[in-house]
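Enquirer: I would like to see how this sequence folds:
(one chain, ligands or ions: 2)
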Amino acid sequence: MDRLNIIGGAELNGRIPVSGAKNSALKLMVACLLTDQPITLTNMPSLADTRFLAQLLETLGVEVYWPKGESTCHLNAAELKSTIAPYEQVRKMRASFNVLGPLIARSGHATVSLPGGCAIGARPVDLHLQALEAMGADLKVENGYVKAAAIQGLKGAHIVFSMPSVGATEHAMLTATLASGETILENAAREPEIEDLADCLNSMGAKISGTGTSTIRIVGVEKLNGTTHAVMPDRIEAGTYAMAAAAAGGDVTLDGAPVDALGAMIAKLREAGVTVDADEAASTLRIRRNGTRLKAVSVSTQPHPGFPTDLQAQFMALMSVADGTSIIRETIFENRFMHAPELSRLGADINVRGQEAVVKGVDHLTGAPVMATDLRASVSLVIAGLAAEGETVVNRIYHLDRGFERLEAKLNACGANIKRLAGEDE
Ligand SMILES: CC(=O)N[C@H]1[C@@H](OP(=O)(O)OP(=O)(O)OC[C@H]2O[C@@H](n3ccc(=O)[nH]c3=O)[C@H](O)[C@@H]2O)O[C@H](CO)[C@@H](O)[C@@H]1O
Ligand SMILES: C=C(OP(=O)(O)O)C(=O)O
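Expert: Residues are numbered from 1 along each chain as shown. Ligands and ions are numbered 1, 2, ... in the order given. Presented below is the predicted three-dimensional model:
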């Protein structure tokens with residue numbers, strides 16, 4: 001297994017291009033199942049997750065043309081050859097479960113394994129299943145698989161989510177595009193990736209309105225057509241590099257950043273004493289910290305537009321070297337503090353109490369071997385390693401490769417000293 005060797009202490013200076021958003025790209029890829037015409041996605045991030053999903057789509061019969069190193073992906077689901085999504089492919093990633101509704105909409109039936117994804121809590125799929133059942137799907141969960149059929153076809157429904165789940169909102173929205181009549185989703189999630197998906201589906205002929213608010217209305221259509229769509233930029237990747245620059249110090253400009261989607265994070269960085277120049281028109285975010293110590297700031301993760309759970313680990317890494325004590329509350333997932341003991345190996349002073357972590361900022365971190373436990377936890381260790389004195393080795397970086405495109409190249413271009421080492425974990 002590969003690992004990263006980071007020599008910390010260097011400031012970051014330069015420009016970093018922001019890639020297409022993993023969490024948007026995955027659902028956009030699934031949308032190809034809803035039409036027999038070709039879909040072209042541009043600004044595609046080449047990641048372990050997007051490549052795995054391409055393999056699952058191929059298993060279902062989708063023709064995928066996406067050469068290595070290219071950011072344009074062509075998907076053609078003219079004819080599906082299977083409606084079974086096997087465990088080996090679905091277990092690797094949460095978003096793959098979203099093929100279930102589109103397969104039912106397209107073929108009338110489907111068998112899809114229960115999903116995997118980052119191990120950050122129980123992560124049930126009850127809200128996904130309730131939505132599909134409300135639309136007329138007959139579902140059975142057996143041997144780790146959901147077996148589904150809609151003999152009479154899918155019908156529009158009025159669905160009130162008990163919590164704003166991103167995945168369930170997207171799953172219901174994808175499925176409802178081809179259900180007969182109107183679907184209303186209440187207490188829907190408002191994450192920007194949902195708007196990106198709706199924009200793509202609408203350009204395929206769907207009738208979706210209200211995304212970005214908690215009530216989404218979908219009027220079902222008979223058929224969807226092909227389209228070309230650019231994946232939105234990755235707000236989590238942008239936020240991660242912003243925090244890397246804040247932690248290491250220096251002057252970094254993020255090009256192609258989704259500035260309007262990053263309001264909560266920008267506000268917290270400014271509170272911590274980081275200089276942030278956000279230019280929405282130019283899509284740039286300039287992050288500067290020159291010598292001044294960071295101030296401790298508390299944060300509570302919230303659904304969008306609140307502070308994203310996918311940036312919580314990175315913020316904890318930053319706060320571990322701030323002046324004072326910050327309280328970090330995780331309200332979305334019940335077990336998303338696995339980075340805390342690893343950060344402590346570098347000298348951070350973090351005390352986890354249930355859903356809260358109390359972070360007492362230390363004067364400096366010191367390099368150490370650490371283990372990546374999930375995607376965002378992994379990158380928090382990279383941020384800490386950049387700020388630490390000496391050498392940090394991050395093991396199990398396959399998690400990192402799920403969500404960060406060319407991470408070492410992007411950071412090294414700004415003066416970081418990160419090497420990928422092939423072979424056994426330390
Ligand atoms: C691939 C992808 O886009 N992943 C993102 C997506 O995950 P994902 O779509 O899995 O996250 P959800 O918004 O669904 O999860 C939010 C909360 O709802 C719970 N829940 C969810 C569904 C359900 O049927 N029942 C239920 O109880 C979850 O366990 C969690 O506690 O949104 C999360 C919240 O912004 C992000 O951290 C993930 O990076
Ligand atoms: C939790 C994440 O991904 P997934 O939902 O696929 O586990 C993530 O992107 O941070």
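Enquirer: For S107, the count of nearby residues, please.
Expert: Look at S107: counted by other CB atoms under 10 Å, it has 15 neighbours. All C-beta atoms are positioned from the backbone trio N, CA, C, and that covers glycine.
Enquirer: Could you check how far I194 is from ligand 2?
Expert: From I194 across to ligand 2, the span is 14 Å (CB to the nearest ligand atom, to the nearest Å).
Enquirer: Isn't that residue up against H171?
Expert: No: proximity of I194 to H171 does not meet the contact threshold set by CB atoms under 8 Å, at 10.9 Å.
Enquirer: So, low pLDDT: which residues of the chain?
Expert: Along the chain, segments meeting pLDDT under 70 span 117-118, 424-426.
Enquirer: how about the residues of it that lie near ligand 2?
Expert: Neighbours of ligand 2 within the chain, by CB under 6 Å from any ligand atom: 23, 93-95, 117-118, 310, 375-376, 403.
Enquirer: In a markdown table: the residues you listed, plus distance to ligand 1, neighbour count and secondary structure.
Expert: Listed next are the residues of the chain next to ligand 2 as a markdown table, based on distance: CB to the nearest ligand atom, whole Å; neighbours: other CB atoms under 10 Å; DSSP: H, G, I helix; E, B strand; the rest coil:
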| residue | distance to ligand 1 | neighbour count | secondary structure |
| --- | --- | --- | --- |
| N23 | 3 | 25 | helix |
| M93 | 7 | 21 | coil |
| R94 | 5 | 19 | helix |
| A95 | 4 | 27 | helix |
| G117 | 6 | 19 | coil |
| C118 | 7 | 22 | coil |
| D310 | 5 | 26 | helix |
| L375 | 8 | 24 | helix |
| R376 | 8 | 26 | helix |
| G403 | 8 | 27 | coil |
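Enquirer: what's the farthest-apart pair in the residues you listed?
Expert: A95 and R376 (15.3 Å; CB to CB).
Enquirer: of all the residues in this protein, which ones are close to ligand 1?
Expert: 23, 26, 94-95, 121-128, 163, 165-168, 189, 191, 309-310, 332-333.
Enquirer: Just the buried residues of the residues you listed.
Expert: Among those, those classed as buried by 16 or more other CB atoms under 10 Å are 23, 26, 94-95, 123, 125, 127-128, 165-168, 189, 191, 309-310, 332-333.
Enquirer: Contacts only, for the residue of the chain most remote from its centre.
Expert: In the chain, the greatest distance from the average C-alpha position (CA atoms, centre = their mean) is reached by Q152, at 34.8 Å. Residues in contact with Q152, defined by CB atoms under 8 Å, 6 or more residues apart in numbering, are G136.
Enquirer: Name the SS class of it, please.
Expert: Put simply, Q152 is coil when judged by DSSP: H, G, I helix; E, B strand; the rest coil.
Enquirer: Tell me how far it lies from I104.
Expert: Distance of Q152 to I104, computed by CB to CB, to the nearest Å: 12 Å.
Enquirer: what's the overlap in contacts for those two?
Expert: Going by CB under 8 Å, 6+ apart, no residue sits against Q152 while also sitting against I104.
Enquirer: returning to what we had before: show me the buried ones among the residues of the chain next to ligand 1 that map onto helices.
Expert: Applying DSSP state H to those, the entries found in helices are 23, 26, 127-128, 166-168.
Enquirer: Please identify which of those is nearest to L294.
Expert: Closest to L294, out of all of these and judged by CB to CB, is N23, at 27.7 Å.
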